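Enquirer: any chance you can model this:
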Amino acid sequence: MNQFNALLKILNDELQGQRDLLKLLTHEKTLIVSIKQDEIDELQAKKSSLLEELQRLSTAREAIVRSVLQVEDGKKPVKATEAILKCSDLKLKKQLQTAATALKSISVQVKELNTYNSKLVNQALGILTSSLAIVRSTPGTELPTYGGKGKLNSKSADPAFQKRKSLVTTA
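Expert: Okay, here's the model as predicted:
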């Protein structure tokens, strides 16, 4: 029973860590949208520390599960649910199953929010890159403009419609 009590403690610690990570990721989303780089950097340090702790807990959980299942091979994947099924104390078994289910559920939420934040970062970088390109563009260059009838009004020809030699040869 000692191994199962230790497993329950680790699962509960992991669950709390995942909840904390979910809160951090939610705050990170707000900071990304607001483009508050200094606060994002501070949050990144907290997130990094929390991820290290979660990795440590995951390694400890896996070691207990391997011990319960008597699996020596470190390459063979093991599941906590398989180890939980071996618990003979029904009350403890129920607690383990509840904790494992909650951990799996919140892990999915964390993964989805992390993916969403990654997309937000990529969009923000795209906007910043486009903005920088506009600011850095040569002010003397004239962009083609068109009138109401679709005729080119600018002095220079639109480069998109310049005649070029075709790369395809006809036989």
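
Enquirer: now do the helices in the chain.
Expert: Using DSSP state H, the helices of the chain run over residues 2-34, 37-69, 80-84, 90-136.

Enquirer: in CSV: these, plus distance to residue 149.
Expert: Heads up, the C-betas are built off the backbone N, CA and C, glycines and all. Putting those into CSV (distance: least, CB to CB, whole Å) gives the following:
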stretch, distance to residue 149
helix 2-34, 42
helix 37-69, 47
helix 80-84, 70
helix 90-136, 28
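
Enquirer: and of those, who's closest to residue 150?
Expert: Closest approach to residue 150 among the helices of the chain (CB to CB): helix 90-136, 25.1 Å.

Enquirer: what is that closest one packed up against?
Expert: The elements that helix 90-136 packs onto, with contact taken as 3 or more CB pairs under 8 Å, 6 or more residues apart in numbering; DSSP states H and E, are helix 2-34, helix 80-84.

Enquirer: mind giving me CSV with the helices of the chain and columns for mean neighbour count and mean pLDDT?
Expert: Output for these, formatted as CSV (neighbours: other CB atoms under 10 Å; pLDDT from 0 to 100):
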stretch, mean neighbour count, mean pLDDT
helix 2-34, 17, 93
helix 37-69, 14, 92
helix 80-84, 18, 89
helix 90-136, 13, 89
